[in-house]
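K.L.:
Structure for this input, please:
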Amino acid sequence: MNKKGAFADLFIFMIFAFIIVLFCVVMVYIANTTRDQLHETMDGMDLGDGRGNNASEVIDNTMGVTALSFTTLYWISALLIFGMVLGIFIGSYLVTTKPVFFIPYVFVVIIAIIVSVPISNSYETLSNNADLSSTFNNFEASNFIMLNLPIWITIIGFIGGIIMFSRMGRREEFGFVT
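P.N.:
As a prediction, this is how the structure comes out:
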C-alpha cells in the first residue's frame, strides 16, 4: 500500500518478457523435435497389440497432440507480455508519488531504454539461430515486441510516467484537507 515508486517495473518487464518468450520457444522446439525424432526412428514399427496400431499412430496420438497443444504458446506469450504492460500501467496509477521523483524517473526510463538495446540484439541473435529460427518465426507478436524492445520500453516508460505523475500531489492524499 505505501508504494512510493515503480522504478524497477521496466527492468522486470524486459527480463521476464525475454525469459517468457525464450521458454515458450524452447518448449515448442523440444516438442516438435521429439515428435519428429520419434517418427524417424519408430515409424512402421508394429506394436503387436492386436488392435492394428502401429508406432506412428501412437506417436501422433501422444507427442503429436502435445506438439499441437504447445502451438498455443505463440499467442499466450504475447498475452503474458501485454498483461505485464497492463500491470505496469495499473501499478503506475496506484503509486502515490511526489513531483521531486519525476527527474529520477526520467533517468530510470533512459537507462531502461539503453539496457533494452542489448536485450533486443541478443534476442535477434537467438532468433537467427539456424536450429531455432523456424520456431521463432511462429512467435510473430512476441517477435515484434522483442525485436522493437527499445521502442516499447520508451512508450511504456513514458505512458507509465504520465499515469504516475498525473496523480501526484493531490491534497487529499497527503493529508492537506481544507
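
K.L.:
ok, so what distance separates N32 from S134?
P.N.:
N32 sits 9 Å away from S134, going by CB to CB, to the nearest Å. Bear in mind the C-beta positions are built from the backbone N, C-alpha and C, glycine included.

K.L.:
between the two, who's got more neighbours?
P.N.:
Per other CB atoms under 10 Å, whichever of N32 and S134 has more neighbours is N32, with 20 against 11.

K.L.:
I'd say the more buried one and T66 touch.
P.N.:
No. The criterion here is CB atoms under 8 Å, and N32 misses it with T66 at 9.7 Å.

K.L.:
Near F13, how many other residues are there?
P.N.:
For F13, which is what you asked about, the neighbour count (other CB under 10 Å) is 23.

K.L.:
Which helix or which strand is home to it?
P.N.:
Take DSSP states H and E as the rule and F13 turns out to sit in helix 9-42.

K.L.:
What is that helix packed up against?
P.N.:
helix 55-70, helix 73-94, helix 102-127, helix 133-137, helix 140-147, helix 149-166 (3 or more CB pairs under 8 Å, 6 or more residues apart in numbering; DSSP states H and E).

K.L.:
Pull out the buried residues from the helix or strand bottoming out on mean pLDDT in the chain.
P.N.:
Sorting the helices and strands of the chain by mean pLDDT, DSSP states H and E puts helix 55-70 at the bottom, at a mean of 84. Judged by neighbour count (16 or more other CB atoms under 10 Å), helix 55-70 contains these buried residues: 55, 58-59, 63-64, 67, 70.

K.L.:
quick one: I110 and G91, what's the gap?
P.N.:
20 Å.

K.L.:
again, but for N137
P.N.:
According to CB to CB, N137 stands 33 Å off from G91.

K.L.:
Of the two, which one has the most company?
P.N.:
When N137 is set against G91 and neighbours are counted by other CB under 10 Å, the residue ahead is G91, at 16 against 10.

K.L.:
Is the more buried one in contact with D9, as I believe?
P.N.:
Yes. At 6.0 Å, G91 counts as touching D9 under the criterion of CB under 8 Å.

K.L.:
shared neighbours of those two, which are they?
P.N.:
Common neighbours of G91 and D9 (criterion: CB atoms under 8 Å, 6 or more residues apart in numbering): G160.

K.L.:
show me where pLDDT drops low in this protein?
P.N.:
Scanning the chain for pLDDT under 70 picks out the ranges 1-6, 44-53, 168-178.

K.L.:
OK, contacts around the residue lying closest to N32 once chain neighbours are set aside?
P.N.:
Nearest-residue entry for N32: A67, 5.2 Å, with adjacent residues in sequence omitted and distances by CB to CB, 6 or more residues apart in numbering. Applying CB under 8 Å, 6+ apart, we find A67 in contact with 28, 31-32, 34-35.
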